[in-house]
Structures are given as C-alpha cells and as structure tokens.
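A.B. asks: please work out how this folds:
(one chain, ligands or ions: 1)
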Amino acid sequence: MSFRASVLTLYPEMFPGNLGMSMSGRAMERGDWSLSAHNIRDCATDKHRSVDDTPAGGGAGMVLRPDILGKAIDDVTEENDLRPRLLMSPRGKPLTQAKARELADGPGIVIVCGRFEGVDERVIEGRQLEEVSIGDYILSGGEVAAHVLLDSIVRLLPGVMGNKESGESESFENGLLEHPHYTRPVDFEGREIPAVLKSGNHKLIDQWRLEISEKITEERRPDLWQNYLKNNR
Ligand code: SAH
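C.D. replies: Numbering: from 1, shown residues only. From the prediction side, this is the model:
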C-alpha cells in the first residue's frame, strides 16, 4: 500500500496546496502517496463549534482543547493503524533528512497542526504525539510546517524522484552540504565553469566535489562538520 498522510488542521483548505503541484503533485496523481486533510472543528460539540479555551493558570492566548483534538485524532486513525502520530511544534525534535527518510520508509503519517498558543499537554501524552519542529522560530500555525515535513518525505518515496542518484548526493545525505553546480554558458560575465568539470575525468571530478563540499561545510556549518569528522576520519 502506498504512503498515506492524514492531516488534522483548522484550515483544511490549505491542503494539498503546494503539495498538489510539481513533483509531489504528480506523485499523488500516480498514487505513490495520498493526502487527506480533516477539519478539527468538525469534532466540536457546542453550537459555536469552539475548539479552544483559555489557558489554565492564566496568561495570553488560547489553547486547543484535548477532548476535541483527541476525538479528531481517533476519527482518522483506524484500529491497528501503524502510522506514527506527529505534532508540529517548536518544542519538538528538529526535522532532519534522516527523520524524513525514516518516515518515508513507513506506512504513512498522521500530522496534527497546532494553532493559537498550542495544544493541551494531556492530548500529547494520551495520544502519544511525537513533537517535531522545523526550526528555531515561531510560525502562526502548524500547517506550513506540515507542508515542509510532507515535502521532505514525499520526494523520498519509491519512484517519486526521477533520477535516484540526485537524491543520494544531496546536502545532508552524507553529512555534508552539497558542492556548487554549474551549467552552460561556459562563460558567464567573465566567470568560467571550473576547468576540472570540463575534463571528463570522473574520478577527479568526484574528488573535487568532495573537497569543496567539505570546505563549504566546515565554513558554513561547524556543527555538521564536527559530526562529519567524528564519523568519517
Ligand atoms: N506558544 C508556542 C508557539 C505556538 S505557535 C511556543 O511558544 O512554543 C502555534 C502552532 O504553530 C504550534 O502549536 C505549532 O503547531 C506550529 N508551529 C509554530 N512554530 C513551529 C515550528 N518551528 N515548527 C513546527 N511547528 C511550529
């Protein structure tokens, strides 16, 4: 069965959005993956269809209610649903390429998009939600973060990326940032394509690309560089 994503959100009309276009959109049309977006508000029970309430203990903003969100999660998960349940959250583990690969190898994913100040802690515990962050900044809702997460996963699904190699040589796959790219024209405003790339010597080219990858990683991302040194030298 193909990869199945269910998204819980207060803004289902934001989906599929960009995920319905380009590579991920074509993959969806082929049936390599499917996406359903569910409105959390459909699980509200009062006549105002409210989904949030004021924070216990006081303070600014509103909090998504655990009873409503819990019901919304239960409604999209079947018995024996093996899909991991994720909550987009700035407090979560930072998303990495390795995490995207791990999720792409699985049966699918259930994603909860927070809004307001966030969600009641008890639904995170009770439904065993794994918190995932897309970076150290605050968005106004989890929807854009869910798009980022799904985009990173879908391009790794079997058959989605045309040229398999172009996935494996990308930044982060080997712990390094990628080497620079060049294409025609050979001379752009006086800047030439590095001679080695025109040599036709693939061993030399690979060596040049690795060296420049290492140099760029060391300069730009000391954190990645230290890890790389630990694992490769
Ligand atoms: N009060 C929270 C922020 C709430 S932002 C805090 O200080 O931690 C509202 C929602 O946007 C969150 O519930 C989450 O679902 C989403 N969100 C915001 N920033 C995010 C990030 N960096 N990564 C993933 N989701 C994020």
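
A.B. asks: for stretch 89-105, what is the distance to the chain centroid?
C.D. replies: 7 Å (C-alpha atoms, centre = their mean, to the nearest Å).

A.B. asks: actually stretch 59-76, sorry about that
C.D. replies: 22 Å.

A.B. asks: would you mark the buried spots in it?
C.D. replies: Residues 63-66, 68-73, 76 are the ones in stretch 59-76 that count as buried (16 or more other C-beta atoms under 10 Å). Just so you know, the C-beta spots here come from the backbone N, C-alpha and C atoms, and that holds for glycine as well.

A.B. asks: from these, which ones fall inside helices?
C.D. replies: 66, 68-73, 76 (DSSP state H).

A.B. asks: which one of those is nearest the ligand?
C.D. replies: Closest approach between those and the ligand, by C-beta to the nearest ligand atom: L69, at 11.0 Å.

A.B. asks: report the closest residue of the chain relative to the ligand.
C.D. replies: Relative to the ligand, the nearest point of the chain is G114 (2.1 Å; C-beta to the nearest ligand atom).

A.B. asks: I'd say that residue and R91 touch.
C.D. replies: No: taking contacts as C-beta atoms under 8 Å, G114 lies outside contact range of R91: 10.2 Å.

A.B. asks: neighbour count for those two, which is higher?
C.D. replies: G114 (25 against 10; other C-beta atoms under 10 Å).

A.B. asks: how about the contacts made by the spatially closest residue to that one that is not a sequence neighbour?
C.D. replies: Distances taken as C-beta to C-beta, 6 or more residues apart in numbering put G142 closest to G114, at 4.6 Å, once the chain neighbours are dropped. Going by C-beta atoms under 8 Å, 6 or more residues apart in numbering, G142 touches 9, 87-89, 111-115.

A.B. asks: max-length strand in the chain?
C.D. replies: Longest strand in the chain by number of residues (criterion: DSSP state E): strand 85-94.

A.B. asks: distance of the residue nearest the centre of the chain relative to T183?
C.D. replies: Closest residue to the average C-alpha location of the chain: L149 at 1.6 Å, with C-alpha atoms, centre = their mean. L149 is 31 Å from T183, where distance means C-beta to C-beta, to the nearest Å.

A.B. asks: now swap in D206 and tell me
C.D. replies: Taken as C-beta to C-beta, the span from D206 to T183 is 18 Å.

A.B. asks: need the residues of this structure near the ligand, please.
C.D. replies: Selection of the chain residues close to the ligand by C-beta under 6 Å from any ligand atom yields 88-91, 113-115, 117-118, 133-135, 137-139, 141-142, 145.

A.B. asks: which residues does the nearest residue to R155 once chain neighbours are set aside contact?
C.D. replies: Leaving out its chain neighbours, the residue that sits closest to R155 by C-beta to C-beta, 6+ apart is M161, at 5.6 Å. Under the criterion of C-beta under 8 Å, 6+ apart, the neighbours of M161 are 23, 155, 167.

A.B. asks: what is the burial count for N232?
C.D. replies: 10.

A.B. asks: skipping its backbone neighbours, what lies nearest it in space?
C.D. replies: G175 (7.2 Å).

A.B. asks: that's a strand at the one you found, yeah?
C.D. replies: No: counting by DSSP: H, G, I helix; E, B strand; the rest coil, G175 is not found in a strand; it is coil.

A.B. asks: phi first, then psi, for the residue nearest to G114.
C.D. replies: The phi/psi pair for G142 (degrees, to the nearest 10) reads phi -80, psi 0.

A.B. asks: buried residues in the helix or strand where W225 lies, which are they?
C.D. replies: In this assignment (DSSP states H and E), W225 forms part of helix 222-232. Neighbour counts over helix 222-232 (16+ other C-beta under 10 Å) mark 224-225, 228 as buried.
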